[in-house]
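>>> From the sequence below, what's the structure:
(one chain, ligands or ions: 1)
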Amino acid sequence: MKEKTMVAIALRGITILPAMTIHLDINRRKSVESANKAMTSDQMVYLVTQKEITSQNPALSQLYTMGTIAKIKQIMKTPNGDIRILVEGVKRAKLLELDEEGECLVATIQEIEEEMIEDVEQKALIQLLQERLERYKKENPSASKEFDTIGSETHLSRALDIIIAHLHLNQKGRQEYLQVETVMDRFHYVMEVIEEEIQVQRVKRNFQAQVKHRIDKHQKEFLLREQLKVIHEELGESVNPSYEADRMEERLSALRADKVVKERIQREIKRFKSLPGASQEAGLIQNYIETLLDMPWNKKKKEHLDLKKVEQVLNEEHYGLEKVKERVIEYLAVRKLNGKGESPILCFVGPPGTGKTSIATSIAKALHREYVRISLGGVRDEAEIRGHRKTYLGAMPGRIANGLRQAKVKNPLMVLDEIDKLGSDYKGDPSAALLEVLDGEQNKTFRDHFIELPMDLSEIMFIATANSLETIPRPLLDRMEVIEVSSYTENEKFHIAFEHLMKKQLRKHGLNEHQLLIEDNAIRKVIRNYTREAGVRGLERQIGQLCRKAAKEILLDGKKEIYITERNLEQYLGKEKVSFEDANEQDEVGIVRGLAWTSVGGDTLQIEVNVMPGKGAMQLTGQLGDVMKESAKTALSYVRSVASSYGVASDYFETHDIHIHIPEGAVPKDGPSAGITMATAILSAVTEKKVSAKVAMTGEITLRGRVLAIGGLKEKILAAKLAHITTVLVPEKNRPNVEELSSEIVDGLNIVFVTHMEEVLKEALVC
Ligand code: ADP
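Now for the predicted structure:
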């Protein structure tokens, strides 16, 4: 083995292999000198790597024992004074000695002679390498293109060097390889390194795939979440579940409620936290928790039960209604004496627009109670009162619970509006649920299906309103103290308009009392010819319309004040809307005017009877209820029984048909009070005697012709008066009701009390 000396360069952090061509930057003086020296002779230089990159002048021991003889192919100066050389590794050589004394390093080296390997063997081994490299390339598609040329190499040793030079080995790895002396050992070394690289690439690829998958997933989730956030923001909902949970916890700690309630809410919050924020279930639970947190469990508002104050507020805000106010004060007095909850529930019954809800509002104001109104009209489903179970899609608490939630205290005044309009169907009976709400024994622990926790309703003050008592379920009615609110007379309406409605509407339309003046007669005309109602709602609407028109004239036409008189009223409200069906001009046969009471007030109705030859059939037309039909039959029987005394032939009823018609009007009518009217009409038709056009009547009839008491007298008499009737026949038994009526109503009317049909006929028939 040849030994020789040659200039050397100590490399730092890099190992050059025989198959490599590479640029090296050198700056140490000795190294620069070595390069220069080499360039002046055969360009050959020995490149050997330092063990430590820090040593400036490495001694022999600080260098690896194996280096590479290389050829300097190019030498350049860099702008900063260093030089850059292009070297090509030629052969490996062992370092034996080093002379570091001179201007440059001089090494004594021994070239490594490689063992002889048969060509076939070399070829086979190269093929093996090639195969393995193929596998490697599969794992690492970005592997060096140099590997493709390995197959054409004839020297195993060179092939190995090329492979190592282009594998991603670090300096230590390369040096280690360089140190291996025999070709066969190097072959095994390279095979192992490739295998290792394959594994590394595989792991790396798997890992990358995983990371990519995860990143993709994260990115997708991130994107979705961002989108969701935008959607929630658009909908005005917030998204961050932990923020939501914290907020709920905060509200919970401030909540005034029993331990059971708080524990339940706590449990639900915990459940909420464990669910992914955007899930449907989380949304449902959140809704549930928010509902529970909104309920006024133990929160109360102090009631001021000062009867004087209540009386004052009621008088200030409502005209008339003396009886109602008196009953309310009595009721509150009893309530004050015997403590809360014991007294029955108040129920205001009367036609629409008569101030039932508005009195309830005043009571709430006077007592300093929160006010909530629950409309029961058309409620058919029990769940509307008691709530839906949570499992039900779109479940909600019932109206009572919602009312409390709105009131924010457990002791509001709750108006159950239109309790007579409760329905019931296959979905259960809401009145049964309501019964539980109103029952002092049960309502301390009322259970709403949605809320699921018992609620205390015993401190709510309930006031119900209804138009008529007839359709209120009996058990409910038994729990209530009924206070009747009746229709207003024209005079009452006039006062209400001037003292209350005008002020209210002016305020609502931003006007003052000097800007809009309405003459008394104009108001009376509005009452008479523009509204037809028991209450004052329509009147209030008309006044509202006057205010609107006035506001427009003030702003657009620059007027300072508007004065409305009976004459210019039409200009503002249009043509008269109501013309009353007046008393008939002439007395007629078979036509009698009756008086009816409906849930929207009183009315007059003409009953017509025709007789024609036939076989004794009776026909009834018009929207009649069952009670009215029975009443018609009774009336006919009575007439038949007395017909002979009026000179009617004994076979008359076998040879004639009778047709009774009651015009429908706006509302269906029922009840027995048209009994005497029908009997009179039949008798008049049968006897062909005329009935006075100035007479109207009301009263139930018995088979023997007795006249029984009826209800709704005030409304009926008001209606008669409006229709310009002069004589009204009223059952004797109703005398006390008539005596209660104010003189404004009865003045100018001839009220005749009757006990029997004979008296009725005497008054009504024109002889
Ligand atoms: P209801 O509940 O009986 O249908 P509301 O209470 O809604 O009627 O009354 C309708 C309007 O008439 C309300 O603006 C109310 O203030 C007014 N009103 C009714 N009666 C009176 C009254 N006696 N005094 C003053 N305003 C009244």
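
>>> Indicate the residue of this protein located nearest to the ligand.
Here the chain gets closest to the ligand at one residue, G355, 2.6 Å apart by CB to the nearest ligand atom. All C-beta spots, glycine's among them, are computed from the backbone N, C-alpha and C.

>>> Report the contact partners of that residue.
Applying CB atoms under 8 Å, 6 or more residues apart in numbering, we find G355 in contact with 318, 321, 485, 535-536.

>>> switch to 7 Å and redo it
318, 321, 485 (CB atoms under 7 Å, 6 or more residues apart in numbering).

>>> Most neighbours among those residues, which one?
Ranked by neighbour count (other CB atoms under 10 Å), the contacts of G355 have L321 at the top, with 24 neighbours.

>>> what does the model give that one for pLDDT?
Here the pLDDT value assigned to L321 is 88.

>>> Point out where the stretch 51-200 of the chain drops to low pLDDT.
Under the criterion pLDDT under 70, no range of the stretch 51-200 of the chain is flagged.

>>> One more pass at 90, please.
For the stretch 51-200 of the chain, the stretches with pLDDT under 90 are 52-61, 74-83, 98-104, 111-119, 135-155, 158, 162, 165-171, 181, 196-200.

>>> And the strands in it?
Assigned by DSSP state E, counting those that start in this stretch, the strands in the stretch 51-200 of the chain fall at 66-77, 83-99, 105-111.

>>> On the secondary structure side, give me the element for H514.
Counting by DSSP states H and E, there is no helix or strand that carries H514.

>>> what's the nearest residue to it if we skip its chain neighbours?
Leaving aside its sequence neighbours, H514 sits nearest to E561 (CB to CB, 6 or more residues apart in numbering; 6.0 Å).

>>> Backbone dihedrals for the one you found, please?
Dihedral pair for E561: phi -140, psi 150, per degrees, to the nearest 10.

>>> Can you verify my assumption that it contacts I518?
No: the pair E561 and I518 does not pass the contact test of CB atoms under 7 Å, sitting 11.4 Å apart.

>>> Compare the two and say which one has the larger neighbour count.
The residue with more neighbours, out of E561 and I518, is I518; 22 against 14, by other CB under 10 Å.

>>> one step back: restrict the contacts of G355 to those near the ligand?
318, 321 (CB under 6 Å from any ligand atom).

>>> residue ranges of the helices in the stretch 501-650 of the chain, please?
502-508, 520-525, 537-556, 569-573, 626-642 (DSSP state H, counting those that start in this stretch).

>>> So what's the gap between the longest one and the chain middle?
On the basis of CA atoms, centre = their mean, to the nearest Å, helix 537-556 sits 36 Å off its chain's mean C-alpha point.

>>> Which positions in that helix come out as buried?
Within helix 537-556, the residues scored as buried using 16 or more other CB atoms under 10 Å are 537-540, 542-547, 549-551, 553-554.

>>> likewise stretch 481-491?
In stretch 481-491, counting by 16+ other CB under 10 Å, buried: 482-489.

>>> Now, those residues that are in strands?
Members of those lying in strands (criterion: DSSP state E): 482-484.

>>> would CSV of the residues you listed with distance to E759 be doable?
Listed next are these as CSV, based on distance: CB to CB, whole Å:
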residue, distance to E759
V482, 32
I483, 34
E484, 29
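
>>> Out of these, which comes closest to H304?
I483 (22.2 Å; CB to CB).

>>> Next, the contact list for that closest one, please.
324, 327, 346-348.

>>> any idea which of the residues you listed has the most stuff around it?
Of all the contacts of I483, F348 has the most neighbours under the rule other CB under 10 Å, reaching 26 neighbours.

>>> Go ahead and confirm that one touches K356.
Yes: contact criterion CB under 7 Å: F348 and K356 qualify, at 3.9 Å.

>>> which strands and helices sit next to whichever helix in the chain runs longest?
Longest helix in the chain by number of residues (criterion: DSSP state H): helix 183-235. Packed against helix 183-235 by the contact rule (3 or more CB pairs under 7 Å, 6 or more residues apart in numbering; DSSP states H and E) you find helix 119-139, helix 156-166.

>>> What's the mean pLDDT across the helix or strand following it?
Once the chain leaves helix 183-235, the next helix or strand it forms, by DSSP H and E, is helix 241-254. Helix 241-254 comes out with an average pLDDT of 83.

>>> Need the pLDDT of H500.
At H500, the pLDDT value in this model is 92.

>>> Going forward, the N-terminal residue is numbered 41.
That works, and once the first residue is 41, the last one we named lands at H540.

>>> did I read that right, it in a helix?
Yes: assessed with DSSP: H, G, I helix; E, B strand; the rest coil, H540 lies in a helix.

>>> That one - how many residues pack around it?
Close neighbours of H540, defined as other CB under 10 Å, add up to 18.

>>> Could you pull up phi and psi at the nearest residue to it once chain neighbours are set aside?
Sequence neighbours aside, Y359 is the residue nearest to H540 in space, at 6.1 Å (criterion: CB to CB, 6+ apart). Main-chain dihedrals, Y359, degrees, to the nearest 10: phi -80, psi 140.

>>> Out of the strands of the stretch 91-240 of the chain, indicate the one that is most buried.
Of all the strands of the stretch 91-240 of the chain, strand 145-151 has the most neighbours on average by mean count of other CB atoms under 10 Å, namely a mean of 20.

>>> Output that one in CSV with nothing but the alpha carbons.
Taking C-alpha atoms only, strand 145-151 is exported to CSV below (Å, rounded to 0.1, in the frame of the first residue of the first chain):
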residue,chain,number,x,y,z
LEU,A,145,-0.9,21.4,6.3
VAL,A,146,1.1,18.5,4.9
ALA,A,147,-0.3,15.0,5.4
THR,A,148,1.3,11.6,5.1
ILE,A,149,-1.4,9.3,3.8
GLN,A,150,-1.9,5.8,2.7
GLU,A,151,-4.3,5.2,-0.2
